[in-house]
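>>> Take this sequence and fold it.
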Amino acid sequence: MNMSTKVATEFWTSQKRYPFSFTRKRRLHELNYLVPRLEKLGGKRLLDLGCGDGSLLECLLRITDYEELHGYDVAADLLAGIDPRISTRVYDISDPGPLPEVDATIVAGVIQYVFDDDVVDRVLSLVRSPMIWLRSTCTLKPECESVERDDYASKYRTIDETRALIAKHFNVTSVERVYPDELESAYGTKQFYFEGTRRL
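The predicted structure is shown next:
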């Protein structure tokens with residue numbers, strides 16, 4: 001495992017509650033983006049890969065018609081408090097295994113913690129759904145940039161780099177920002193949702 005990915009993984013596995021307070025403020029914007037698209041798709045089975053404490057899934061459980069929801073994450077302590085109607089599993093994205101067959105997959109705020117593009121490629125190759133919505137923090141600079149501290153690490157790819165990773169397995173149909181500037185990072189990165197349909 002890449003050392004930076006190991007640092008990022010250890011950061012998340014050590015969390016007993018979600019560490020970023022701004023996430024709650026972002027949730028409404030994320031739901032406004034996802035819910036109409038999920039409803040248009042009309043599926044019944046959904047995977048949130050990298051679900052954290054399950055707060056997005058718990059909202060979707062209550063406001064959509066999805067009947068079978070899966071929440072996978074590296075952080076066992078965060079998974080422990082999720083609504084029992086959601087099927088949960090500890091899942092090491094740095095060493096990915098099989099994923100459930102579903103109608104849609106959300107991968108939100110995950111791949112920036114995986115520094116190795118080959119590992120991201122392997123994860124995306126295992127996604128078993130016709131649709132994916134992948135949110136990632138992207139740099140607006142011409143080249144990717146990394147943040148590495150003693151206890152935290154993340155890699156911010158460019159929009160084009162992120163699109164290219166997804167495009168190996170999915171046709172990228174849109175790339176959109178979902179958060180207003182006041183809820184974005186002060187360090188110049190932005191959050192983007194990449195929508196994709198499975199390549200045949």
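>>> residue ranges with poor pLDDT in the protein?
1-24 (pLDDT under 70).
>>> Could you check how far the closest residue to residue 68 other than its chain neighbours is from residue 116?
Distances taken as Cβ to Cβ, 6 or more residues apart in numbering put residue 45 closest to residue 68, at 4.3 Å, once the chain neighbours are dropped. Glycine gets a C-beta too; all of them are placed from N, C-alpha and C. Residue 45 is 29 Å from residue 116, where distance means Cβ to Cβ, to the nearest Å.
>>> cool, and residue 29?
Residue 29 is 30 Å from residue 116, by Cβ to Cβ.
>>> what do you get for residue 100?
Computed as Cβ to Cβ, the residue 100 to residue 116 distance reads 24 Å.
>>> Name the residue in these two with the higher neighbour count.
For residue 100 and residue 116, the more surrounded residue by other Cβ atoms under 10 Å is residue 100, and the numbers stand at 17 against 14.
>>> which residues does the nearest residue to that one once chain neighbours are set aside form a beta bridge with?
Nearest residue to residue 100, sequence neighbours excluded (Cβ to Cβ, 6+ apart): residue 70, at 5.3 Å. For residue 70, the beta-bridge partners under DSSP bridges are residue 47, residue 87.
>>> So what's the residue count around residue 70?
20.
>>> so what's it up against?
45-48, 86-89, 100, 102 (Cβ atoms under 8 Å, 6 or more residues apart in numbering).
>>> From residue 188, how far off is it?
Residue 70 is 34 Å from residue 188, by Cβ to Cβ.
>>> mind listing what residue 71 touches?
Residues near residue 71 by Cβ under 8 Å, 6+ apart: 47-48, 51, 54, 57, 79, 82, 86-89.
>>> OK, contacts around the nearest residue to it once chain neighbours are set aside?
Leaving aside its chain neighbours, residue 71 sits nearest to residue 51 (3.7 Å; criterion: Cβ to Cβ, 6+ apart). Counting by Cβ under 8 Å, 6+ apart, residue 51 makes contact with 57, 71-73, 79, 82, 88.
>>> Can you redo these as CSV, where the extra columns are secondary structure?
Formatted as CSV, the contacts of residue 51 follow (DSSP: H, G, I helix; E, B strand; the rest coil):
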residue, secondary structure
57, helix
71, strand
72, strand
73, strand
79, helix
82, coil
88, strand
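>>> Just to check, residue 171 is in contact with residue 196?
Yes - at 6.0 Å, residue 171 counts as touching residue 196 under the criterion of Cβ atoms under 8 Å.
>>> Neighbour count for these two, which is higher?
Neighbours per residue (other Cβ under 10 Å) separate residue 171 from residue 196, with residue 196 holding more: 24 against 12.
>>> All good on my end, thank you.
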